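[1] Sequence plus the predicted model coming up.
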Amino acid sequence: MTVFLPFVLGFCISFLAAFLPGLINMTAAKISLNEGKSGALSFAFGAASIILFQTLLALLFARFISNHLEIVSTIEEIAIFIFTGLSIYFFWVAKKPKKIKTDIKVKGKSNRFFLGMLLSSLNLLPIPFYVFTSISLASSGYFSFNKIPIATFVTGVVSGSFFIFYLYIVAFKRIEKKTEFLFHNFNNIIGSVTAFIAIITLYKLIYG
């Protein structure tokens, strides 16, 4: 269980986080349509390699934070305001999300691996996301910041991310149709998730 559970958690979390169309998976799909699966897979490997380092950095930072309880409390207090603000924004302020364009232009056919690394490097959101996620899992008893759980969690995250990229590469048209509901209800879904996190964090601070 020490090895298996962190892998499953990492895989599932990254799968859900990357499921909606974004720059990386849409670019992978576009390369696949224009150039074939080989170039798209090379791109996906490049993107996944950066995700590996980002996740590892996030877990190491989270381990440092977890060893300083005063920092954890401060982060949780700040998180309540952040997630409450995000919930208000997505429920009442944000406009209906625009459908992501599928006509992304990809110039040239060389160095797809490095293009994947570049686009993935521009996305810094995974670092704070996995910092908060790993701390939450650790505080709930589902994860620990030992070497083996960290390694298996990172492996799960990379595997889940690459699996999503692969799905977009081989079955983009079908995925596009299946995710239409999520596009129309994206703000409500995200608002519900951030509100839930804010409530759980507040409960933990009061009764934990």
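    The structure has been received and is ready for your questions.

[2] so what secondary structure elements neighbour the longest helix seen in the chain?
    What stands out as the longest helix in the chain, according to DSSP state H, is helix 147-178. Other helices and strands packing on helix 147-178, by 3 or more CB pairs under 8 Å, 6 or more residues apart in numbering; DSSP states H and E, are helix 4-17, helix 23-35, helix 37-66. In short, each C-beta sits where N, CA and C put it, glycine included.

[3] how about it: buried residues?
    Using 16 or more other CB atoms under 10 Å as the test for burial, helix 147-178 gives 149-150, 152-169, 172, 175-176.

[4] same question, stretch 58-70
    Quick answer for stretch 58-70 (16+ other CB under 10 Å): 58-59, 61-63, 65-66.

[5] pLDDT of the longest helix of the chain, averaged?
    Taken as a whole, helix 147-178 has a mean pLDDT of 86.

[6] what's the angle from that helix to helix 37-66?
    Relative orientation of helix 147-178 versus helix 37-66 (axes from the mean of the first three to the mean of the last three CA atoms, to 10 degrees): 130 degrees.

[7] begin at 52 from here
    Right, with 52 as the first residue, what we last looked at is helix 198-229.

[8] okay, the angle between helix 198-229 and helix 55-68?
    30 degrees.

[9] Measure how helix 198-229 sits relative to helix 74-86, angle-wise.
    Going by the same axes, to 10 degrees, helix 198-229 makes 60 degrees with helix 74-86.

[10] Next, format the helices and strands packed on helix 198-229 as a markdown table and append distance to Phe196 and mean pLDDT.
    As requested, the helices and strands packed on helix 198-229 are exported to a markdown table (distance: least, CB to CB, whole Å; pLDDT from 0 to 100):
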| stretch | distance to Phe196 | mean pLDDT |
| --- | --- | --- |
| helix 55-68 | 10 | 90 |
| helix 74-86 | 27 | 87 |
| helix 88-117 | 4 | 93 |
